[in-house]
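1. need a 3D model of the sequence below.
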Amino acid sequence: MNKTKIFVYGTLMKDFHNYNKYLKDKVTSIETGYIYGKLYHLYEHDCPAVIDGNDKVYGEIIEFFDDIFQNTLNKLDNFEKYFFGMDYVIYEREYVDVYYSNSTSEKLSFYKLINLDILEREHTKYIDSGNWKAFFNNNY
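-> Numbering: from 1, shown residues only. Sure, this is the predicted structure:
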């Protein structure tokens, strides 16, 4: 088994349904951190999306066990790419500088919205606090 780290800012965070579905039994550690970007809530899907930007976007750095074939990471990739069974790619996993609460940083992967048409086509909200978990807990 190999350990893998990713930065998550939405439904893959602890206590959300996709964390329970994909990660719960594999996680070895969770730390808080942030990246730079611009955070939106996608109302039709009850989930967030990050695009390029200069805001702090808060989330969790999740370390988990994966097999040598990276089956868990591949499942996450497939889930994020074809979100809600869509036949076109929504998110892509990219590497970004992730900042820990102790001011250290490292390059980790995260899921970035690449289909920017969604921001124009669907009902969205810019989250200036950069904290989707707080936004979700205050609105749902």
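2. residue contacts, Leu116?
-> For Leu116, the set of contacting residues under the criterion of Cβ atoms under 8 Å, 6 or more residues apart in numbering consists of Ile51. To be clear about C-beta, it is placed using only N, CA and C from the backbone, and glycine gets the same treatment.
3. again, but for Lys81
-> In this structure, Lys81 makes contact with 89-92, judged by Cβ under 8 Å, 6+ apart.
4. quick one, which of those residues are buried?
-> Judged by neighbour count, with 16 or more other Cβ atoms under 10 Å as the criterion, the buried members of the contacts of Lys81 are 90-91.
5. helices along this protein, start to end?
-> Counting by DSSP state H, the chain forms helices over residues 17-22, 71-81, 117-121, 132-139, given from the N-terminal end onward.
6. this protein: strands as residue ranges?
-> In chain order, the chain shows strands spanning 2-8, 27-42, 47-66, 91-100, 105-113, 124-126, with DSSP state E as the criterion.
7. residues contacting Lys133?
-> The neighbourhood of Lys133, defined by Cβ under 8 Å, 6+ apart, consists of 13, 58-59.
8. dihedrals phi and psi, the closest residue to Tyr19 other than its chain neighbours?
-> Leaving aside its chain neighbours, Tyr19 sits nearest to Leu12 (5.4 Å; criterion: Cβ to Cβ, 6 or more residues apart in numbering). The phi and psi values for Leu12, taken as degrees, to the nearest 10, are phi -90, psi 0.
9. wait, isn't Leu12 in contact with Lys24?
-> No. Taking Cβ atoms under 8 Å as the contact criterion, Leu12 and Lys24 are not neighbours in contact, 10.5 Å apart.
10. more crowded one of those two?
-> Leu12 (25 against 12; other Cβ atoms under 10 Å).
11. and Val96, how far from Leu23?
-> In this structure, Val96 lies at 19 Å from Leu23, with Cβ to Cβ, to the nearest Å as the measure.
12. circling back to that earlier point, got a winner among the contacts of Lys133 for most neighbours?
-> Among these, where neighbours are counted by other Cβ under 10 Å, the top count belongs to Gly59, at 25 neighbours.
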